[in-house]
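K.L.:
I would like to see how this sequence folds:
(one chain, ligands or ions: 1)
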Amino acid sequence: ATEETLVLVKPDGVARGLTGTILARIEAKGYALVDIRLVEPDRDVLAEHYAEHEGKPFYEPLLEFMMSGPSVAIRLTGNRVIEGFRSLAGTTDPTSAAPGTVRGDFGRDWGLAVQQNLVHGSDSPESAQRELGIWFN
Ligand code: CMP
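P.N.:
Purely as a prediction, here's the structure:
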(Lines give C-alpha, C1' and ligand atoms only; values in the text may rest on other atoms or scores of the structure.)
Protein backbone atom coordinates (compact mmCIF):
# COMPACT_ATOMS: atom_id res chain seq x y z
CA ALA A 1 0.00 0.00 0.00
CA THR A 2 1.05 3.60 -0.48
CA GLU A 3 2.45 4.87 2.80
CA GLU A 4 4.07 7.96 4.25
CA THR A 5 7.00 7.91 6.63
CA LEU A 6 9.08 10.34 8.65
CA VAL A 7 12.80 10.25 7.92
CA LEU A 8 15.23 12.30 9.99
CA VAL A 9 18.80 13.03 9.04
CA LYS A 10 20.00 13.37 12.61
CA PRO A 11 22.50 16.01 13.84
CA ASP A 12 25.51 13.76 13.16
CA GLY A 13 24.40 13.25 9.55
CA VAL A 14 23.82 16.96 8.98
CA ALA A 15 27.09 17.96 10.70
CA ARG A 16 29.07 15.47 8.64
CA GLY A 17 27.62 16.77 5.38
CA LEU A 18 25.79 13.54 4.57
CA THR A 19 22.34 15.04 3.91
CA GLY A 20 22.82 15.12 0.15
CA THR A 21 24.20 11.59 0.03
CA ILE A 22 21.29 10.26 2.07
CA LEU A 23 18.74 12.14 -0.07
CA ALA A 24 20.42 10.78 -3.20
CA ARG A 25 19.98 7.21 -1.95
CA ILE A 26 16.33 7.84 -1.13
CA GLU A 27 15.71 9.34 -4.57
CA ALA A 28 17.71 6.64 -6.36
CA LYS A 29 15.51 4.04 -4.65
CA GLY A 30 12.52 5.82 -6.18
CA TYR A 31 10.70 7.29 -3.19
CA ALA A 32 9.10 10.69 -3.54
CA LEU A 33 9.77 13.69 -1.31
CA VAL A 34 6.57 15.32 -0.10
CA ASP A 35 8.08 17.84 2.30
CA ILE A 36 11.49 18.62 3.76
CA ARG A 37 12.69 21.05 6.41
CA LEU A 38 15.66 21.89 8.61
CA VAL A 39 14.57 21.68 12.26
CA GLU A 40 16.15 22.52 15.60
CA PRO A 41 13.82 20.63 17.92
CA ASP A 42 13.32 21.69 21.52
CA ARG A 43 13.08 19.29 24.43
CA ASP A 44 9.28 19.03 24.25
CA VAL A 45 9.35 17.91 20.62
CA LEU A 46 11.99 15.29 21.38
CA ALA A 47 10.26 14.05 24.53
CA GLU A 48 7.16 13.46 22.42
CA HIS A 49 9.08 11.82 19.59
CA TYR A 50 11.06 9.54 21.94
CA ALA A 51 8.32 8.93 24.55
CA GLU A 52 8.77 5.15 24.30
CA HIS A 53 12.42 5.44 25.38
CA GLU A 54 11.80 7.52 28.53
CA GLY A 55 13.63 5.98 31.48
CA LYS A 56 16.15 4.05 29.38
CA PRO A 57 19.85 4.68 30.14
CA PHE A 58 20.43 6.35 26.77
CA TYR A 59 17.35 8.62 26.98
CA GLU A 60 19.03 11.78 28.34
CA PRO A 61 22.11 11.44 26.12
CA LEU A 62 19.75 10.86 23.20
CA LEU A 63 17.86 14.10 23.83
CA GLU A 64 21.12 16.03 24.33
CA PHE A 65 22.47 14.61 21.07
CA MET A 66 19.29 15.48 19.20
CA MET A 67 19.53 19.07 20.50
CA SER A 68 23.21 19.40 19.54
CA GLY A 69 22.42 20.72 16.06
CA PRO A 70 19.81 20.81 13.34
CA SER A 71 18.20 17.73 11.82
CA VAL A 72 16.60 17.46 8.40
CA ALA A 73 13.03 16.17 8.59
CA ILE A 74 11.66 14.52 5.45
CA ARG A 75 8.13 13.44 4.62
CA LEU A 76 8.46 10.55 2.17
CA THR A 77 5.86 8.60 0.27
CA GLY A 78 5.75 5.41 -1.76
CA ASN A 79 4.57 1.85 -1.80
CA ARG A 80 5.98 0.12 1.34
CA VAL A 81 8.23 3.12 2.01
CA ILE A 82 8.36 2.43 5.77
CA GLU A 83 10.01 -0.97 5.32
CA GLY A 84 11.97 0.29 2.32
CA PHE A 85 13.59 3.20 4.09
CA ARG A 86 14.46 1.09 7.13
CA SER A 87 16.16 -1.30 4.77
CA LEU A 88 18.19 1.57 3.25
CA ALA A 89 19.06 2.81 6.76
CA GLY A 90 20.35 -0.50 8.12
CA THR A 91 20.13 -1.83 11.67
CA THR A 92 20.26 0.50 14.72
CA ASP A 93 23.84 -0.30 15.72
CA PRO A 94 26.05 1.20 13.00
CA THR A 95 29.02 -1.00 13.86
CA SER A 96 27.24 -4.11 12.65
CA ALA A 97 24.85 -2.55 10.12
CA ALA A 98 25.32 -4.12 6.70
CA PRO A 99 27.63 -2.38 4.22
CA GLY A 100 25.50 -0.83 1.50
CA THR A 101 23.19 0.74 4.08
CA VAL A 102 23.50 4.34 5.30
CA ARG A 103 24.47 3.26 8.81
CA GLY A 104 26.72 0.45 7.57
CA ASP A 105 28.58 2.68 5.12
CA PHE A 106 28.89 5.89 7.15
CA GLY A 107 28.21 5.07 10.82
CA ARG A 108 30.41 3.74 13.59
CA ASP A 109 30.61 3.54 17.37
CA TRP A 110 32.18 6.72 18.78
CA GLY A 111 32.24 5.38 22.35
CA LEU A 112 29.44 7.70 23.48
CA ALA A 113 26.45 6.95 25.73
CA VAL A 114 24.13 7.20 22.74
CA GLN A 115 24.40 5.48 19.39
CA GLN A 116 24.85 8.16 16.77
CA ASN A 117 23.34 6.41 13.81
CA LEU A 118 22.76 9.20 11.29
CA VAL A 119 19.10 8.62 10.42
CA HIS A 120 15.70 7.80 11.83
CA GLY A 121 12.81 6.13 10.02
CA SER A 122 9.33 5.47 11.39
CA ASP A 123 8.67 1.80 12.16
CA SER A 124 4.92 1.50 11.42
CA PRO A 125 2.09 3.43 9.75
CA GLU A 126 0.84 4.45 13.21
CA SER A 127 4.20 5.81 14.36
CA ALA A 128 4.67 7.49 10.98
CA GLN A 129 1.45 9.49 11.35
CA ARG A 130 2.24 10.30 14.98
CA GLU A 131 5.82 11.39 14.20
CA LEU A 132 4.89 13.37 11.07
CA GLY A 133 2.48 15.34 13.25
CA ILE A 134 5.31 16.15 15.65
CA TRP A 135 7.91 17.27 13.10
CA PHE A 136 5.66 18.92 10.49
CA ASN A 137 3.49 21.35 12.42
P1 CMP B 1 16.34 5.37 16.66
O2 CMP B 1 16.02 3.92 16.54
O3 CMP B 1 16.06 6.26 15.54
O4 CMP B 1 15.62 5.92 17.97
C5 CMP B 1 16.13 5.62 19.25
C6 CMP B 1 17.59 5.98 19.28
O7 CMP B 1 18.24 5.73 20.51
C8 CMP B 1 18.32 5.10 18.28
O9 CMP B 1 17.94 5.48 17.00
C10 CMP B 1 19.75 5.34 18.70
O11 CMP B 1 20.19 6.64 18.29
C12 CMP B 1 19.57 5.36 20.22
N13 CMP B 1 19.75 4.03 20.82
C14 CMP B 1 18.96 2.95 20.66
N15 CMP B 1 19.42 1.92 21.38
C16 CMP B 1 20.52 2.35 22.02
C17 CMP B 1 21.44 1.76 22.93
N18 CMP B 1 21.30 0.49 23.34
N19 CMP B 1 22.45 2.51 23.39
C20 CMP B 1 22.58 3.77 23.00
N21 CMP B 1 21.74 4.40 22.14
C22 CMP B 1 20.73 3.71 21.65
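
K.L.:
ok, and the closest non-adjacent residue to residue 87?
P.N.:
residue 101 (7.5 Å; CB to CB, 6 or more residues apart in numbering). C-beta: built from backbone N, CA, C; applies to glycine.

K.L.:
my bad, residue 95
P.N.:
residue 109 (4.8 Å).

K.L.:
for the one you found, give me its contacts.
P.N.:
Applying CB atoms under 8 Å, 6 or more residues apart in numbering to residue 109 gives the contacts 93-95, 115.

K.L.:
ok but residue 47 is inside a helix, no?
P.N.:
Yes. Counting by DSSP: H, G, I helix; E, B strand; the rest coil, residue 47 is part of a helix.

K.L.:
and it, how far is that from the ligand?
P.N.:
13 Å (CB to the nearest ligand atom, to the nearest Å).

K.L.:
this completes my enquiry, with thanks.
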